[in-house]
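In: any chance you can model this:
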Amino acid sequence: MMLDEEYKTEFNGKVYTHKHGSPFDRGSADSYYGRGQVPHYYPNGTGNAPMLTPPVMTAEQVEDYMAGYAYNEQFGDKKNWG
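Out: Reported below is the predicted structural model:
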């Protein structure tokens with residue numbers, strides 16, 4: 001996947017259109033790396049300031065983050081640190 005490419009994921013009856021740095025993407029990445037749920041996203045791509053968190057994030061963006069986390073917990077894999 002290209003870092004600026006948008007892609008779609010269907011999960012629990014909703015289609016998420018996202019790209020690297022989006023709330024869904026960051027949620028799934030936190031799950032993949034074994035991090036806790038801390039809603040955030042990067043509107044300019046991962047690692048590019050600013051990083052937005054609640055209360056700046058909308059309720060829908062927080063829901064998208066949580067859905068990304070839940071999606072990876074259910075279907076994704078986990079980083080092998082070994």
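In: tell me where this structure has helices.
Out: Under the criterion DSSP state H, the chain carries helices at the ranges 23-32, 59-75.
In: deepest of the ones you listed, which one?
Out: Per residue and on average, the most neighbours among the helices of the chain fall to helix 23-32, with a mean of 23 (mean count of other Cβ atoms under 10 Å). Backbone N, C-alpha and C define where each C-beta goes, glycine included.
In: chain center to that one: distance?
Out: The chain centroid and the centroid of helix 23-32 are separated by 3 Å, computed with Cα atoms, centre = their mean, to the nearest Å.
In: kindly report the same for stretch 11-27.
Out: Worked out by Cα atoms, centre = their mean, stretch 11-27 lies 6 Å from the chain centre.
In: buried ones in that stretch?
Out: Residues 11, 16, 18, 19, 20, 21, 22, 23, 24, 25, 26, 27 are the ones in stretch 11-27 that count as buried (16 or more other Cβ atoms under 10 Å).
In: could I get the residues you listed as a markdown table with pLDDT and distance to residue 57?
Out: Shown next, in a markdown table, are the buried residues of stretch 11-27 (pLDDT from 0 to 100; distance: Cβ to Cβ, whole Å):
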| residue | pLDDT | distance to residue 57 |
| --- | --- | --- |
| 11 | 96 | 19 |
| 16 | 94 | 15 |
| 18 | 82 | 14 |
| 19 | 91 | 16 |
| 20 | 92 | 17 |
| 21 | 95 | 13 |
| 22 | 96 | 11 |
| 23 | 97 | 7 |
| 24 | 97 | 12 |
| 25 | 96 | 14 |
| 26 | 97 | 10 |
| 27 | 97 | 12 |
